[in-house]
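Peer 1: Sequence and computational prediction follow.
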Amino acid sequence: MKVLGRYPPNVKQIAHYLIIQNITIGDTGYYTCSAKNRAGLDIKTVHVLVNATNPTLVAPVIIASSDVIVNLDTEAVIVCNVTGYPTPDIKWVYDHDKNISTVLISGGSLRIPNATSEASGLYTCIASNDAGSAKAFVFLYVVHGSIPPRVAPVITTSPHVIVNYYTEAEIICNVTGFPTPHITWEYDQIMKGLTVLISGGTLPIPNATNEASGLYTCIASNDAGSAKAFVRLEVVHDPSYIFSPPEPFSGSAGVSQNISCKVSGHPQPTITWKFTSFTRQTSVLPAHTLFENGEVLEISNLQESGIISCKAINEFGKDEASAHVIVHHDSAVFG
């Protein structure tokens with residue numbers, strides 16, 4: 001037995017073995033072994049690939065199909081070519097809970113033999129390794145008869161959206177086109193990393209604050225072309241303001257009385273009440289119940305006169321109002 005070709009200096013043949021000492025990346029190559037006797041000759045080739053001691057991790061990068069359109073009962077192939085180190089794991093997710101017969105083929109692509117109308121939908125190729133992960137979205141259309149013409153995206157949207165602080169903002173990007181356009185969003189010209197592939201292209205922003213204000217760009221694209229639309233989001237706030245303060249009250253001891261303190265502001269102000277007695281050092285409220293988010297105070301069994309105060313506060317300001325409460329105690333009559 002011998003090995004064809006010249007040995008590198010660190011390679012030795014001992015009997016039927018080839019020994020590679022102090023192996024380096026330079027030893028990468030094809031090693032061919034031949035064996036010969038009177039009965040004949042046989043040759044085998046082995047590929048030796050030497051990785052670096054500490055190879056650089058590379059996050060997955062996906063090159064996927066654009067939308068795929070096939071006729072009913074024909075084969076559909078959704079391409080998802082993935083690179084990265086270590087070799088990424090590939091998983092496919094289908095947007096409907098249906099039992100679709102699929103076959104994962106070389107390189108991570110997906111093959112669907114005899115595609116039916118149930119196979120139509122959004123497919124997500126997910127690649128991951130120790131360095132990170134990536135996703136690609138492909139819409140599969142299974143059509144009966146002639147394939148419809150491709151139509152470039154057309155966007156309809158409102159150019160200005162105003163919402164209150166800490167409420168949910170929805171930026172809507174209505175898109176038409178065929179195949180179904182892919183929709184991505186940019187925020188102040190910076191990619192937010194959010195890809196929207198749902199009908200209508202609604203971008204939800206929960207608990208909107210000043211940080212969410214700015215210019216959003218809806219970008220729609222398909223095989224026929226692309227389009228952009230710009231939407232400016234304004235998140236508004238108002239300091240606390242008491243527009244209907246408590247009113248003075250005069251009545252007999254022991255009665256119950258409702259006192260209101262109507263406020264406005266965004267975010268919704270928090271309301272606190274205080275009672276200051278004319279006759280003793282206390283600011284503790286008498287027995288009471290709060291209604292309407294604290295805007296209505298019901299005092300039960302009122303026994304002393306004083307000042308009732310309400311304070312409204314949010315993170316942008318505060319307001320305070322007060323009113324006098326006069327309690328009359330009927331004098332006892334003796335016969």
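Peer 2: Cool, got the structure. Numbering: from 1, shown residues only.

Peer 1: what pLDDT, on average, does stretch 291-307 get?
Peer 2: The average pLDDT for stretch 291-307 rounds to 88.

Peer 1: Could you do stretch 170-182 as well?
Peer 2: Averaging pLDDT along stretch 170-182 yields 86.

Peer 1: Check stretch 18-33 too.
Peer 2: For stretch 18-33, mean pLDDT is 74.

Peer 1: what's the span of it, first residue to last?
Peer 2: Terminal residues of stretch 18-33 lie 10 Å apart, using Cα to Cα, to the nearest Å.

Peer 1: buried stuff in it?
Peer 2: Neighbour-count burial for stretch 18-33, counted by 16 or more other Cβ atoms under 10 Å, picks out 18, 27, 31, 33. Backbone N, C-alpha and C define where each C-beta goes, glycine included.

Peer 1: ok, of those, which one's closest to residue 119?
Peer 2: residue 31 (46.1 Å; Cβ to Cβ).

Peer 1: which residue packs closest to that closest one, ignoring adjacent ones?
Peer 2: The shortest distance from residue 31 to any non-neighbouring residue, by Cβ to Cβ, 6 or more residues apart in numbering, is to residue 46 (5.0 Å).

Peer 1: same thing with residue 164?
Peer 2: residue 266 (4.4 Å).

Peer 1: The one you found reaches residue 162, doesn't it?
Peer 2: No - here residue 266 lies out of contact with residue 162, judged by Cβ atoms under 8 Å, at a distance of 11.1 Å.

Peer 1: Residue 286: which element?
Peer 2: Residue 286 is part of no helix or strand, with elements assigned from DSSP states H and E.

Peer 1: Would you confirm that it contacts residue 305?
Peer 2: No - using Cβ under 8 Å, residue 286 is not in contact with residue 305; the gap is 11.4 Å.

Peer 1: any idea how far residue 298 is from residue 325?
Peer 2: Separation of residue 325 from residue 298 (Cβ to Cβ, to the nearest Å): 13 Å.

Peer 1: These two: who's more crowded?
Peer 2: Legend: neighbour count by other Cβ atoms under 10 Å for residue 325 and residue 298, higher for residue 325 (24 against 13).

Peer 1: distance of that one from residue 281?
Peer 2: Residue 325 sits 17 Å away from residue 281, going by Cβ to Cβ.

Peer 1: Ok, residue 170 next?
Peer 2: 53 Å.

Peer 1: the domain parsing of the protein - what is it?
Peer 2: 2-48, 58-143, 151-236, 239-328 (automatic domain parsing).

Peer 1: Show the end-to-end separation of stretch 176-183, please.
Peer 2: Using Cα to Cα, the two ends of stretch 176-183 sit 11 Å apart.

Peer 1: buried sites along that stretch?
Peer 2: Buried residues in stretch 176-183, counted by 16+ other Cβ under 10 Å: 177, 178, 179, 180, 181, 182, 183.

Peer 1: hmm, which helix or strand of the protein has the shakiest average pLDDT?
Peer 2: Using mean pLDDT, DSSP states H and E, the weakest-scoring helix or strand in the chain turns out to be strand 2-4, at a mean of 43.

Peer 1: And the next helix or strand past that strand?
Peer 2: Taking DSSP H and E, what comes next after strand 2-4 is strand 11-14.

Peer 1: Mind giving me the packing neighbours of the very next helix or strand once past that next one?
Peer 2: Helices and strands here follow DSSP H and E; after strand 11-14, the next one along the chain is strand 17-20. Applying 3 or more Cβ pairs under 8 Å, 6 or more residues apart in numbering; DSSP states H and E, we find strand 17-20 packed against strand 11-14.

Peer 1: For the strand it packs on, enumerate its sheet partners and note whether each is parallel or antiparallel.
Peer 2: Sheet pairing of strand 11-14 (DSSP bridges) gives strand 17-20 (antiparallel).
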